[in-house]
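# I would like to see how this sequence folds:
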Amino acid sequence: MAITRQDVEHVAYLARLGLDEAEKTRIQQQLSNILETMRILDRVDVQHIPPTAQVIPLRDVMRDDVARPSWPVEQILQNAPAREGDAFLVPAVFD
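The predicted model follows:
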């Protein structure tokens, strides 16, 4: 099944693409080549290959969520440009 010129024009219309004649010809040829490649792949025997959703094994890259002590407040605030008690002091954003 080759892609016809009318197919290309219809899809271009739906996608609101303004294609000139050379682009229509080029796209028609490229899409036909893609379909031909799919026809070749369709002939490959995959009867004994199980369906897969992921071709490489997945592994969890997140560390375990383990509770641990926090840093001391003094160490956290030691480089703060301004502070108020145990909190960072920042300029007001709203009036």
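# quick one: pLDDT of the residue nearest to the spatial centre of the chain?
For the chain, Q54 is the residue whose C-alpha lies nearest the centre (CA atoms, centre = their mean; 15.3 Å). pLDDT, Q54: 81.
# how near is it to H48?
As judged by CB to CB, to the nearest Å, Q54 and H48 stand 19 Å apart. C-betas here are computed from N, CA, C, even on glycine.
# ok, now E74?
65 Å.
# ok, those two, which is more surrounded?
Relative neighbour count places E74 above the other of E74 and H48, with 8 against 5, counting by other CB atoms under 10 Å.
# now do the contacts for the more buried one.
Residues near E74 by CB atoms under 8 Å, 6 or more residues apart in numbering: none.
# part of a strand, is it?
No - counting by DSSP: H, G, I helix; E, B strand; the rest coil, E74 is not found in a strand; it is helix.
# quick one: furthest residue from the center of this structure?
Max radial position in the chain (CA atoms, centre = their mean) goes to G85, at 44.7 Å.
# what pLDDT does the model give that one?
90.
# with N33 as the reference, measure out to it.
Taken as CB to CB, the span from G85 to N33 is 70 Å.
# tell me the spacing between the residue nearest to the centre of the chain and L89.
49 Å.
# low-scoring stretches of the chain, by residue?
1 (pLDDT under 70).
# what segments of it are strands?
Here the chain has its strands, by DSSP state E, at 83-84, 87-88.
# out of the ones you listed, which comes closest to R16?
When these are compared by CB to CB, strand 87-88 sits nearest R16, at 51.2 Å.
# given that closest one, what are its sheet partners and their directions?
Applying DSSP bridges, strand 87-88 is found paired with strand 83-84 (antiparallel).
# what is the helix ranked longest in the chain packed up against?
Longest helix in the chain, counting residues (DSSP state H): helix 21-42. Applying 3 or more CB pairs under 8 Å, 6 or more residues apart in numbering; DSSP states H and E, one finds that helix 21-42 contacts helix 5-14.
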